[in-house]
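J.: The sequence and its predicted three-dimensional model are supplied below.
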Amino acid sequence: MKAYFITGTDTGVGKTSITAGLAGSMRKLGIDVGIMKPIATGYPNKTGFKSSDVAKLVEATFIKDPENLINPVFLPLPTSPYDATKLLELSVDIPLIFDQFKKLLSMHQILLVEGIGGIMTPITKNFFIADMIKGMDIEAIIVTRATIGTLNHTVMTCKMCKDYGIKIRGLVINNFDEKGTPAEKNSPSTLYELTNVPILGTIPFIKDLNNTEKLIEYVDKYVSVRSLIS
Ligand SMILES: Nc1ncnc2c1ncn2[C@@H]1O[C@H](COP(=O)(O)OP(=O)(O)O)[C@@H](O)[C@H]1O
Ligand SMILES: [Mg+2]
């Protein structure tokens, strides 16, 4: 019963891809792994799950847990969660998120929780992703880009975790850029020097990332997955 919260410097940084890769890789190592996406937004799609992130996470792991446990809150608008609640005139059931988290935690050896956006993404005016991580009382893994501009985001994310008292298990550097092409700009040693957070791995640009087997293979090869399960 161990859990990690996969957050990132931003949206689109690779949280879902890396969570799916980590979960798939842990599963191959014989771990009973669970996944959770507490809040998702977006238009419902044709994957059989409301959230495309949930579909990707389930595809990598073959997890059979019910969707209402994996994804207790789905807001059907492709906006930030707080904006979605305002536009849809809905509220987010935060106690439900913690209840489902506790259930999933008790059901698996390791639970990987994918956040939404970054550490200070608001869920309500006064409740941010950082509050969710703090409430779950689990370690964070921060996915960061390698492109210029991300040092700023990474340092800020680490600093906010420190302010909240959230322990960071490590950084995963995702070497692709916003154009979806390979990027190698900031060095891992600079990120480590500035944050003092261990670098769990650096993922290269993966051309056929939609091939789940390939994604798992890359994550297994480039991230120290075994250090997360011991
Ligand atoms: N290492 C990579 N190589 C190539 N494409 C990537 C890589 N990591 C992520 N992507 C692509 O970037 C997009 C955003 O990734 P995703 O994992 O959905 O990010 P997030 O969950 O943080 O929003 C997706 O289209 C994904 O296929
Ligand atoms: Mg995602």
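T.: Yep, that arrived. Ligands and ions are numbered 1, 2, ... in the order given.
J.: so how many other residues sit close to Thr202?
T.: Residues near Thr202, counting by other Cβ atoms under 10 Å, number 18. Any C-beta I mention is one placed from the backbone N, CA and C, and that applies to glycine too.
J.: so what does the one helix or strand it maps to touch, helix or strand wise?
T.: Taking DSSP states H and E as the criterion, Thr202 maps to strand 199-203. Contacts defined by 3 or more Cβ pairs under 8 Å, 6 or more residues apart in numbering; DSSP states H and E place strand 199-203 against strand 168-174, helix 188-195, helix 212-222.
J.: and of the ones you listed, who's closest to ligand 2?
T.: strand 168-174 (12.0 Å; Cβ to the ion).
J.: List of residues touching the closest one?
T.: Residues from elsewhere that reach strand 168-174 (Cβ atoms under 8 Å, 6 or more residues apart in numbering): 4, 13-14, 17-18, 139-146, 154, 158, 161, 186, 188, 191-192, 195, 197-203, 223, 228.
J.: Quickly run through the sheet partners of that strand, with directions.
T.: With DSSP bridges as the test, strand 168-174 is paired with strand 139-145 (parallel), strand 199-203 (parallel).
J.: Go ahead and build a ChimeraX selection from the buried members of the contacts of strand 168-174.
T.: To isolate the buried members of the contacts of strand 168-174 in ChimeraX, using 16 or more other Cβ atoms under 10 Å:
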select :4,13,14,17,18,139,140,141,142,143,144,145,146,154,158,161,186,191,195,197,199,200,201,202,203,223,228
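J.: can you give me the helices for this structure?
T.: In the chain, the segments counted as helices under DSSP state H are 15-28, 52-61, 67-70, 81-88, 94-107, 129-136, 150-164, 188-195, 212-222, 225-229.
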